[in-house]
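In: Could you look at this predicted model? Sequence included:
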Amino acid sequence: MVDLFGPDAPPDRRPEADDPGRPLADRLRPRSLDDVIGQQHLLGPGGTLRRMIAAGRLGSLILWGPPGTGKTTVARLLADAVGYRFEQISAVFSGVADLKKTFEAARTARRAGATTLLFVDEIHRFNRAQQDSFLPVMEDGTLVLVGATTENPSFELNAALMSRAQVLRFQSLDAENLEALVTRAEAVMGHPVPLTPEARQMLIGFADGDGRALLGLVEEVSSAAAPGETLDEAGLMDVVQRRAPIYDKAQDGHYNLISALHKTIRGSDPDAALYYFARMIVAGEDPLYLARRLIRMAVEDIGLADPHALPQAVAARDAYEMLGSPEGELALAQAVVYLASAPKSNAVYTAMKAAMQVAKASGSPLPPMAILNAPTKLMKGEGYGAGYIYDHDTPEGFSGQEYFPEALGRQNFYAPVERGFEREIKKRLDYFARLRTRRGDQ
């Protein structure tokens, strides 16, 4: 039996873990799952991981969540909790040869009666072939795989690997969790963080839900403040540079925020829409990308309920291209508010999808002869253009003739809603339908 606090213990378990020369995040590394801050949906009573531990057996897992939420620590503590041998590799620094050595060591340990928990940090960095190499050793029980990723596993991991592992979502630490972490850090350091209450809250905000980043900021502030000095918000800003928000324009953060922006505009909430728009601008998103998305929203979610929505979105794009940043961003913000406040209709969007479906399924039936041009005598003799009624010659400016191919029959795709300008369009179309019926009865 290994003494967890003796000379053979892991480095983070030895008494020198309290050495003030070590990084604060390392000194505060939890020694049991009960010490982990946050992730109560997994580690609290009845949580998924608590149930696994109670059963005495772990299955393969994918731990998905933002940086600094405890994925590595939890993996190590899980191995301790069920008595598994812990092995850790990083997909950034490991190749096929490293994987083969790790698998062989796990086989040797298994023959000796030990189960290996292999923790793979940033598992999404492995390519498809490398991910596939885990499948045989997972299936034959050579090891239990616990992978950690900050990226959406649905996009980054093979379906075969996903089918053999349970995905557990780690959440960003909330303000209460981060405050508890600061309090714990103060106990270890033996002194409070030299900040006013307002600056303390600002520091917690800077961490952006990342516990490891927060402890780094606490160390930075504690070492920068003069003896007896208490920093206010301005003093804190002088000491630390604000962390960039968690956002990768090619990955999950990007898609989460553009989805939130689109849905808040569709949901007619201009305040929430401005917030997500600002989040993306602050994070460095290309304003022209946002302009293109606003144009899409104008036609997809507003359409003819407000015919001015599309010109507003296009004008905002043009204004940004003329003014640049930051002035042009105000034009985009104006479009965000306009679109969010506008009446909503997806009637044109729905009609287009329905028309496309019929067009793909119906083949190539000939339009009615009456609406075909007859540029030659032969075509005129064949009946091209015969019976066409010039709408402007009718009293209502509407002939009511049939334009769909005879083989297809009349179709109804566009159903305007009773909102905004489409209410007027609906009245007009209902009027045309009555005239069409009247002409058909004649």
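Out: Yes, it's here. Residues are numbered from 1 along each chain as shown.
In: Going by length in residues, pull out the top helix of this protein.
Out: Using DSSP state H, we find that the single longest helix of the chain is helix 422-441.
In: Kindly export it (C-alpha atoms) in PDB.
Out: C-alpha atoms of helix 422-441 as PDB (Å, rounded to 0.1, in the frame of the first residue of the first chain):
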ATOM      1  CA  GLU A 422     -47.200  40.400 -44.300                       C
ATOM      2  CA  ARG A 423     -50.700  41.100 -42.900                       C
ATOM      3  CA  GLU A 424     -51.200  43.500 -45.900                       C
ATOM      4  CA  ILE A 425     -49.700  40.900 -48.300                       C
ATOM      5  CA  LYS A 426     -52.100  38.300 -46.900                       C
ATOM      6  CA  LYS A 427     -55.100  40.600 -47.600                       C
ATOM      7  CA  ARG A 428     -53.800  41.100 -51.200                       C
ATOM      8  CA  LEU A 429     -53.300  37.400 -51.800                       C
ATOM      9  CA  ASP A 430     -56.700  36.500 -50.300                       C
ATOM     10  CA  TYR A 431     -58.200  39.100 -52.800                       C
ATOM     11  CA  PHE A 432     -56.400  37.500 -55.700                       C
ATOM     12  CA  ALA A 433     -57.600  34.000 -54.600                       C
ATOM     13  CA  ARG A 434     -61.200  35.200 -54.600                       C
ATOM     14  CA  LEU A 435     -60.800  36.700 -58.100                       C
ATOM     15  CA  ARG A 436     -59.100  33.500 -59.300                       C
ATOM     16  CA  THR A 437     -62.000  31.400 -58.000                       C
ATOM     17  CA  ARG A 438     -64.500  33.800 -59.600                       C
ATOM     18  CA  ARG A 439     -62.800  33.600 -62.900                       C
ATOM     19  CA  GLY A 440     -62.700  29.800 -62.600                       C
ATOM     20  CA  ASP A 441     -66.400  29.700 -62.000                       C
END
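In: what mean pLDDT would you report for it?
Out: Summarised as a single mean, pLDDT over helix 422-441 is 88.
In: okay, the helix or strand hosting Val188 in PDB with CA atoms only?
Out: Element membership of Val188 [criterion: DSSP states H and E] is helix 175-189. C-alpha atoms of helix 175-189 as PDB (Å, rounded to 0.1, in the frame of the first residue of the first chain):
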ATOM      1  CA  ALA A 175     -18.700  33.500  -9.200                       C
ATOM      2  CA  GLU A 176     -19.500  31.600  -6.100                       C
ATOM      3  CA  ASN A 177     -17.000  28.800  -7.000                       C
ATOM      4  CA  LEU A 178     -14.300  31.300  -7.900                       C
ATOM      5  CA  GLU A 179     -14.800  33.200  -4.600                       C
ATOM      6  CA  ALA A 180     -14.400  29.900  -2.700                       C
ATOM      7  CA  LEU A 181     -11.200  29.300  -4.600                       C
ATOM      8  CA  VAL A 182      -9.800  32.800  -3.700                       C
ATOM      9  CA  THR A 183     -10.700  32.100   0.000                       C
ATOM     10  CA  ARG A 184      -8.900  28.800  -0.100                       C
ATOM     11  CA  ALA A 185      -5.900  30.500  -1.700                       C
ATOM     12  CA  GLU A 186      -5.800  33.100   1.000                       C
ATOM     13  CA  ALA A 187      -5.800  30.400   3.600                       C
ATOM     14  CA  VAL A 188      -2.800  28.700   2.000                       C
ATOM     15  CA  MET A 189      -0.900  32.000   1.400                       C
END
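In: Counting by contacts, list what the next helix-or-strand element following it packs against.
Out: Using DSSP H and E, the helix or strand that follows helix 175-189 in sequence is helix 197-207. Packed against helix 197-207 by the contact rule (3 or more Cβ pairs under 8 Å, 6 or more residues apart in numbering; DSSP states H and E) you find helix 175-189, helix 211-224, helix 233-239. (Each C-beta comes from the backbone N, C-alpha and C, glycine too.)
In: and helix 197-207 with helix 175-189, angle?
Out: Orientation of helix 197-207 against helix 175-189 (axes from the mean of the first three to the mean of the last three Cα atoms, to 10 degrees) gives an angle of 110 degrees.
In: Now helix 197-207: buried residues?
Out: Going by neighbour count (16 or more other Cβ atoms under 10 Å), the buried part of helix 197-207 is Ala199, Arg200, Met202, Leu203, Ile204, Phe206, Ala207.
In: any residues touching that helix, and which ones?
Out: If you take Cβ atoms under 8 Å, 6 or more residues apart in numbering as the criterion, helix 197-207 is touched by 68, 173, 175, 178-179, 182, 193, 195, 213-214, 217-218, 221, 231-233, 235-236, 240, 242-243.
In: Ser172 falls within a helix, correct?
Out: No - counting by DSSP: H, G, I helix; E, B strand; the rest coil, Ser172 is not part of a helix but coil.
In: shouldn't it be in contact with Thr69?
Out: Yes - the criterion here is Cβ atoms under 8 Å, and Ser172 meets it with Thr69 at 6.3 Å.
In: Look at the two and report which has more neighbours.
Out: Taking other Cβ atoms under 10 Å, Ser172 and Thr69 do not tie; Thr69 has more neighbours (27 against 18).
In: got the residue ranges for the strands in the protein?
Out: 61-64, 85-90, 116-121, 143-149, 166-169 (DSSP state E).
In: For these, give me CSV that also has mean pLDDT, mean neighbour count and distance to Ser362.
Out: Listed next are the strands of the chain as CSV, based on pLDDT from 0 to 100; neighbours: other Cβ atoms under 10 Å; distance: least, Cβ to Cβ, whole Å:
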stretch, mean pLDDT, mean neighbour count, distance to Ser362
strand 61-64, 94, 25, 45
strand 85-90, 94, 16, 56
strand 116-121, 95, 24, 52
strand 143-149, 95, 25, 46
strand 166-169, 94, 15, 43
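In: got TSV for those strands, with distance to Arg317 too?
Out: As requested, the strands of the chain are exported to TSV (distance: least, Cβ to Cβ, whole Å):
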stretch	distance to Arg317
strand 61-64	35
strand 85-90	43
strand 116-121	41
strand 143-149	35
strand 166-169	36
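In: mind checking which of those is nearest Gly303?
Out: strand 166-169 (35.8 Å; Cβ to Cβ).
In: if we can go back for a sec, buried sites along the longest helix of the chain?
Out: For helix 422-441, a neighbour-count test (16+ other Cβ under 10 Å) marks Glu422, Ile425, Lys426, Arg436 as buried.
In: Contact partners for the closest residue to the first one other than its chain neighbours?
Out: Think Glu422. Residue nearest to Glu422 in three dimensions, not counting chain neighbours: Pro416, with 3.9 Å by Cβ to Cβ, 6 or more residues apart in numbering. By Cβ under 8 Å, 6+ apart, the contact set of Pro416 is Leu304, Ser345, Ala347, Glu422, Arg423, Ile425, Lys426, Leu429.
In: Thank you, goodbye.
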